[in-house]
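Chemist: compute the structure for the input listed below.
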Amino acid sequence: MLIGLSLLSLWLLKPPAPVPADAPATVFSAERAMRHVRQIAQEPHAMGTAAHAEVRNYLLQELEKLGLQPQVQETTAVNGEGGAATVGYVYNVVGRLKGAGATSKAILLMAHYDSQPNARGAGDDGAGVAAILETIRALKQEKPLQHDVLVLLTDGEEYGLYGARAFLKHPWVKEVALVINLEGRGNQGPSMTFELSPENGWVARQYAQAAPYPFFSSLAYEIYSRMPNDTDFTVFKDAGYSGLNAAFIDGFVHYHKSTDAPENLSLRSLQHHGSNLLALTRHFGHTSLDQTKGQNRVFFNVIGSWVVNYKSSLNLLWMALTTLLLFVTVRVALQQGVVKGRGIMMGFVLYLLLLAVVTILFYLINEFVWAQLPLSHRHNGVYSSDTFFIAYLLLALGLFLLLSWLVLRWVRLLSLLLGVFILQFILLMTVYLLASNGAYLFLFPLLFSLGGTLALLLTGWQGSYAMQPKHSLILLLFSVPAIFLLLPIAQVVFTAFALQLPYGTIVLTLLLAGLLLPLLILIMRTLIWKNAPLLPLMLLLAGGLSVALAIAREQPSAERPLHSHVSYYLNSDTGKAWWATRFANTDDWNQQFFASAAKEPLLEMYPHASIQYLKSEAKAIDIPAPEAKVLQDSVAGNARLLRLRLRSPRNAAHLELALKTQEADALQSIKMAGVELALKPIETAAGKVYFTRLHGLPASKEVILELRLSSEMPLTLHLYDQSIGLPQELVKAPRPAHVIPEQGRDSNLTVVRKSYTF
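Modeler: Presented below is the predicted three-dimensional model:
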């Protein structure tokens, strides 16, 4: 029964079944939405590329069909502060679904339509874009909402949230009262509303009421608010707007890869995205948006879509009750003489030691696993994440039970259990003080486990291994909250971090096992052979076999390709070129570029280079270099104005600029594409250099650079243009089916430099 409850708690995380394309017109259909995904994610479509323009044209046509009279917001935005700013040239696609009410408040539905340079972008964020299009189609089949619905399909999210920043300059932004953003960090799994705006009480209540498949957590809110991660929603949240942010995160190994393709996208995840979005838009469309903020609340899923949602102030009551139960339980155990104070302290120390030992062992296990995957890059995730999760769960439980078996030779079962309670109470208090709205995860499992143990003591349990059937039933009933709260979160944490950081999952598993200790020991004692505990040995064996199976499944294939990193750099001034990769280990494909390689910065290309690359000389081929043409060079007083037209004859996607003068303070101002940049110089061996980028060259493939500097002061400009893809004439062995480009903005690039002095 215990195993059944555990499996049920994980199964209930499944997204809803997809709705077919022939469903009623007012219903969201994942199959209908998938038609858009297939069009959007035919190929990588990063900003500045031809494919990016094709996707934009498709979206404009679809919004036109829906009667939204779409427009393109063509403008610039700046990302970054502190002298390291970059510019994005964006083409946001916007539209409006008119409401019937006389209100100036509007709901903003947002997703980004650009992809990473080497990703097809089905999950990130084709699914979000498609969900919005299908939602608008469904809304058009019924009476208008009271509020207008604004559609914002942003550009440049992948390079720095440029589109969202740019929309803050749009006149419609003044009407926005609520923002709903859809994202993707994988290609499957439930659509989690992982982020709400500050003062989330009103939004949380409305979401729990209206979403047909709510999946959110105030713990996730507390954690994400402390992380450096950003999405388009961050821009609006920081600007004071209310709203929510949803994404699916399973299938992380496909994130930002070419395998983020329509054929790999889960229809269930798309359905979850869209079912919630349609229901929420309908609900908010007929709800007053005059007051969208309220005191933060505690909220979380318990079983499937069953949500607990209450005022934060009630946490104090639950904490007081837990404290009282802990005191009473310990006191009753001492009064009944079934434990002693010394035994409880020993139980506390031994449980703490057990946690530390198992965590250290898992560090060694995890490092061993990575050693068996020399061609895998840790930041990418693994294909067999579910198998690794089961394996690590089995190993953690097996190690815990085996060590508990040894520990229980030194201390009584009840003493160890009370030690577990005291340690977890300390953890609970720490979390409560640091992030009170996330403390529920440890509060309710501990509260019910204390209640169950007190009930056992009051019904005659002596704290031994021997239990009456009623005692076992009490233990099982009071263990349900721990199973349904801790185990799903352990699985979500592993989905998010996998082998990069599995220790959160391990600790949560050990905390759960500690609360289930009497039940686990009872089961273990029924499986004894010649005084040897078979259960932990069986768990360790099953875990070891699962690890071996998961490792075997990571072997590169066309379905599970390895990620290979290499880019081509050409200095057109010196006529020299290099292959470069960030990784020390080459694979069976990119090793062709690094027969004779050294690990050092790309100083031949960038005067300020500091990142260590594995690089090798390459053949220099004839590629048109970026151009800088003087439009104005004039002096007024002590100031020189230099206006340049920068252009990429080969229609590259991005530009980079490194600027150098003889005196560092001679450069007074820098304006690119009409945007003033307050850059700080970078110290180099050859002097100070100013560096910036323009992401997403406009359709004309040219941009104006305006510089003000001291009169008669010469300027050196190192100009670079970047295109996605390698020069195919230099690739001797074509990329096989089991190899795809590594993710990232410096992977699979051709970069050409040309220097100018003015």
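
Chemist: how about the strands in the stretch 101-250 of the chain?
Modeler: Taking DSSP state E, counting those that start in this stretch as the criterion, the stretch 101-250 of the chain contains strands spanning 106-112, 148-154, 176-184, 192-196, 243-248.

Chemist: grab the most central residue of the chain for me.
Modeler: residue 185 (5.1 Å; C-alpha atoms, centre = their mean).

Chemist: need the contact list for that one.
Modeler: Neighbour list for residue 185: 123-124, 247-249, 252, 255 [criterion: C-beta atoms under 8 Å, 6 or more residues apart in numbering]. (Each C-beta comes from the backbone N, C-alpha and C, glycine too.)

Chemist: name the nearest residue to it, ignoring sequence neighbours.
Modeler: residue 249 (4.4 Å; C-beta to C-beta, 6 or more residues apart in numbering).

Chemist: tell me the SS of the nearest residue to residue 575 once chain neighbours are set aside?
Modeler: Once flanking residues are discounted, residue 575 sits nearest to residue 620: 5.1 Å by C-beta to C-beta, 6+ apart. The three-state label given to residue 620 by DSSP: H, G, I helix; E, B strand; the rest coil is coil.

Chemist: can you give me the neighbour number for residue 620?
Modeler: Per other C-beta atoms under 10 Å, the neighbour tally for residue 620 reads 15.

Chemist: residue 501 now?
Modeler: Other residues close to residue 501 by other C-beta under 10 Å number 13.

Chemist: quick check: phi and psi at it.
Modeler: phi -150, psi 70 (degrees, to the nearest 10).

Chemist: that one and residue 169, how far apart?
Modeler: Distance of residue 501 to residue 169, given as C-beta to C-beta, to the nearest Å: 38 Å.

Chemist: and what of residue 87?
Modeler: 14 Å.

Chemist: helices or strands up against the longest helix along the chain?
Modeler: If you go by DSSP state H, the chain has its longest helix at helix 341-371. Secondary-structure packing of helix 341-371 (3 or more C-beta pairs under 8 Å, 6 or more residues apart in numbering; DSSP states H and E): helix 385-407, helix 413-434, helix 503-515, helix 534-553.

Chemist: what angle do helix 385-407 and it make with each other?
Modeler: Counting by axes from the mean of the first three to the mean of the last three C-alpha atoms, to 10 degrees, helix 341-371 lies at 150 degrees to helix 385-407.

Chemist: for helix 341-371, which residues meet the burial criterion?
Modeler: Residues 343-344, 346-348, 350-351, 354-355, 358, 362, 365-366, 369 are the ones in helix 341-371 that count as buried (16 or more other C-beta atoms under 10 Å).

Chemist: tell me which of those residues is nearest to residue 81?
Modeler: Proximity of these to residue 81 (C-beta to C-beta) peaks at residue 366, which lies at 36.4 Å.

Chemist: who's in contact with the closest one?
Modeler: 499, 502.

Chemist: separation between it and residue 437?
Modeler: Taking C-beta to C-beta, one finds residue 366 at 31 Å from residue 437.

Chemist: quick one: the helices in the stretch 1-150 of the chain?
Modeler: 2-11, 30-40, 50-65, 127-139 (DSSP state H, counting those that start in this stretch).

Chemist: out of the ones you listed, which one sits most buried?
Modeler: helix 127-139 (a mean of 27; mean count of other C-beta atoms under 10 Å).

Chemist: before we move on, back to that, take the helices and strands packed on helix 341-371 and lay them out in a markdown table including distance to residue 149 and mean neighbour count.
Modeler: Formatted as a markdown table, those follow (distance: least, C-beta to C-beta, whole Å; neighbours: other C-beta atoms under 10 Å):
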| stretch | distance to residue 149 | mean neighbour count |
| --- | --- | --- |
| helix 385-407 | 36 | 21 |
| helix 413-434 | 38 | 20 |
| helix 503-515 | 38 | 22 |
| helix 534-553 | 44 | 17 |
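
Chemist: mind putting the ones you listed into a markdown table with mean pLDDT and distance to residue 198?
Modeler: Output for those, formatted as a markdown table (pLDDT from 0 to 100; distance: least, C-beta to C-beta, whole Å):
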| stretch | mean pLDDT | distance to residue 198 |
| --- | --- | --- |
| helix 385-407 | 96 | 32 |
| helix 413-434 | 97 | 17 |
| helix 503-515 | 97 | 25 |
| helix 534-553 | 96 | 40 |
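
Chemist: out of the ones you listed, the one nearest residue 299 is which?
Modeler: Comparing the helices and strands packed on helix 341-371 by C-beta to C-beta, helix 413-434 comes nearest, at 16.1 Å.

Chemist: low-confidence stretches in this structure?
Modeler: Counting by pLDDT under 70, the chain shows low-confidence ranges at 1-12, 82, 664.

Chemist: which other helices and strands does the top strand by length along it contact?
Modeler: Criterion DSSP state E: the longest strand present in the chain is strand 86-97. Where contact means 3+ C-beta pairs under 8 Å, 6+ apart, strand 86-97 is packed against helix 50-65, strand 71-79, strand 148-154, helix 157-160, helix 162-167, strand 687-695.

Chemist: how about TSV for these, with distance to residue 138 added?
Modeler: What follows is the helices and strands packed on strand 86-97, written out as TSV (distance: least, C-beta to C-beta, whole Å):
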stretch	distance to residue 138
helix 50-65	14
strand 71-79	23
strand 148-154	12
helix 157-160	25
helix 162-167	24
strand 687-695	34
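
Chemist: out of these, which is closest to residue 387?
Modeler: Nearest to residue 387 among the helices and strands packed on strand 86-97 is helix 157-160 (29.9 Å), distances taken as C-beta to C-beta.

Chemist: hmm, who's touching that closest one?
Modeler: Contacts for helix 157-160 (C-beta under 8 Å, 6+ apart): 46-47, 79-80, 86, 88, 112, 114-117, 125, 163-164, 231-232, 695-696, 745.

Chemist: 10 Å instead, please
Modeler: By C-beta atoms under 10 Å, 6 or more residues apart in numbering, the surrounding residues in contact with helix 157-160 are 46-48, 77-80, 85-88, 90, 110-117, 119, 121, 124-125, 163-165, 181, 183, 230-232, 235, 256, 653-654, 693, 695-696, 745.

Chemist: repeat for stretch 587-600
Modeler: Stretch 587-600 is contacted from outside by 374-375, 556, 562-568, 578-581, 583-586, 609, 611-618, 726, 730-736, 738-742, using C-beta under 10 Å, 6+ apart.

Chemist: cool, stretch 454-473 as well?
Modeler: Outside stretch 454-473, the residues touching it (C-beta under 10 Å, 6+ apart) are 1, 325-326, 328-333, 335-339, 343, 408, 412-418, 452-453, 474-475, 477-478, 518-519, 521-525.

Chemist: now do 8 Å
Modeler: Contacts with stretch 454-473, where a contact means C-beta under 8 Å, 6+ apart, come from 325, 328-329, 332-333, 336, 338-339, 412-415, 417, 474-475, 478, 518-519, 521-522, 525.

Chemist: inside helices: which ones of these?
Modeler: Residues of the contacts of stretch 454-473 located in helices (DSSP H): 325, 328-329, 332-333, 413-415, 417, 474-475, 478, 518-519, 521-522, 525.

Chemist: among these, the buried ones, what's the PyMOL command?
Modeler: To isolate the buried members of those in PyMOL, using 16+ other C-beta under 10 Å:
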select buried, resi 325+329+333+413+414+415+417+474+475+478+518+519+521+522
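
Chemist: looking at the helices of the stretch 1-150 of the chain, which is nearest to residue 716?
Modeler: helix 50-65 (31.9 Å).

Chemist: gap between residue 534 and residue 603?
Modeler: According to C-beta to C-beta, residue 534 and residue 603 sit 62 Å apart.

Chemist: that should have said residue 234, apologies.
Modeler: Using C-beta to C-beta, residue 234 is found at 35 Å from residue 603.

Chemist: and residue 469, by the same measure?
Modeler: Relative to residue 603, residue 469 is positioned 75 Å away (C-beta to C-beta).
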